[in-house]
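[1] For reference, the sequence and a predicted model appear below.
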Amino acid sequence: MLDLAIQVGHGLAWLHHHNFVHHNMKPSNVLLCNPGLVKLWKYGQPDAMTRAYASPEQLEGGECSATTDIWSWAVSVLHMFVGRVVWHSGPDAAGVLRRYVRSGPAVAGIPMMPGRLCGILEKCLRKDPRQRPAGIDEVGKVLEGAYEEVVGTRYVSPEDREAASPAPQENGSGQAEQQPGAAANERSWSSRRRPNRGPNAGPRRGSSHRRRP
């Protein structure tokens, strides 16, 4: 779960560094690919807001920025650890996080969120965008620290894991044997999707809206 949260953060960082705002960051806009790679899609669509993951400024018709995506990323991560959406709109998520810290997940069998992750989500879910982390890179550093505490090893991205894995061996025909699970198999959290491209950012649909300076 931490790996997924980190990779989604990396995807948002790529978008923000290229002056894009996702506008509709939510679990169904995250593609799960083989082998263990996460990518984003359906970004850059200002009118595609989903109420349950929307930030206060989105619901109020205000200007969106990278901190808007940071809010929606935090709500998406909260969804993972709670187990289901138990709130009506994005601004309710901050209260849900406080209840989660006291009571735990809404669905049995889901591990508790690490304390460091709770702390960074609290910052990401502040109503005033100026009080949230300035960039998703700042969030990523905290997450990777939490990952190392929980797993006991330094976080390694899927690309680096794949690069460090043994090369496929050739079969008798002189062709490389396909490893189990290596076939294209991209899907969202809830359904299968078409292949995408780009470093943690899938094929964009809709407008070419860019984040304002």
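    Yes, it's here.
[2] which stretches of this structure have low pLDDT?
    Across the chain, residues meeting the criterion (pLDDT under 70) sit at 162-213.
[3] Can you show me the strands along it?
    Shown for the chain, the strands assigned by DSSP state E span residues 30-33, 37-40, 187-188.
[4] quick one, which of these is nearest to residue 128?
    Among the strands of the chain, strand 37-40 comes nearest to residue 128, with 25.5 Å by Cβ to Cβ. All C-beta atoms are positioned from the backbone trio N, CA, C, and that covers glycine.
[5] in the closest one, what counts as buried?
    For strand 37-40, the neighbour count (16 or more other Cβ atoms under 10 Å) marks 37-40 as buried.
[6] Over to stretch 144-153?
    Those would be 144-147, for stretch 144-153 by 16+ other Cβ under 10 Å.
[7] what about dumping the CA coordinates of that stretch to PDB?
    In PDB, the C-alpha atoms belonging to stretch 144-153 read as follows (Å, rounded to 0.1, in the frame of the first residue of the first chain):
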ATOM      1  CA  GLU A 144       9.800   6.700   1.600                       C
ATOM      2  CA  GLY A 145      11.000   7.100   5.200                       C
ATOM      3  CA  ALA A 146       7.800   5.400   6.400                       C
ATOM      4  CA  TYR A 147       8.300   2.600   3.900                       C
ATOM      5  CA  GLU A 148      11.800   2.000   5.200                       C
ATOM      6  CA  GLU A 149      10.600   1.900   8.800                       C
ATOM      7  CA  VAL A 150       7.800  -0.600   8.000                       C
ATOM      8  CA  VAL A 151       9.600  -2.800   5.500                       C
ATOM      9  CA  GLY A 152      13.100  -2.500   6.900                       C
ATOM     10  CA  THR A 153      14.700  -1.700   3.500                       C
END
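[8] could you pull out the helices for this protein?
    2-17, 56-59, 66-82, 93-103, 115-124, 136-151, 158-164 (DSSP state H).
[9] Just name the most buried of those.
    helix 66-82 (a mean of 24; mean count of other Cβ atoms under 10 Å).
[10] Can you list the helices and strands that it packs against?
    helix 2-17, helix 56-59, helix 93-103, helix 115-124, helix 136-151 (3 or more Cβ pairs under 8 Å, 6 or more residues apart in numbering; DSSP states H and E).
[11] Tell me what angle the last one forms with helix 66-82.
    For helix 136-151 against helix 66-82, the angle by axes from the mean of the first three to the mean of the last three Cα atoms, to 10 degrees is 20 degrees.
[12] nearest to residue 26, of the helices of the chain?
    helix 66-82 (5.7 Å).
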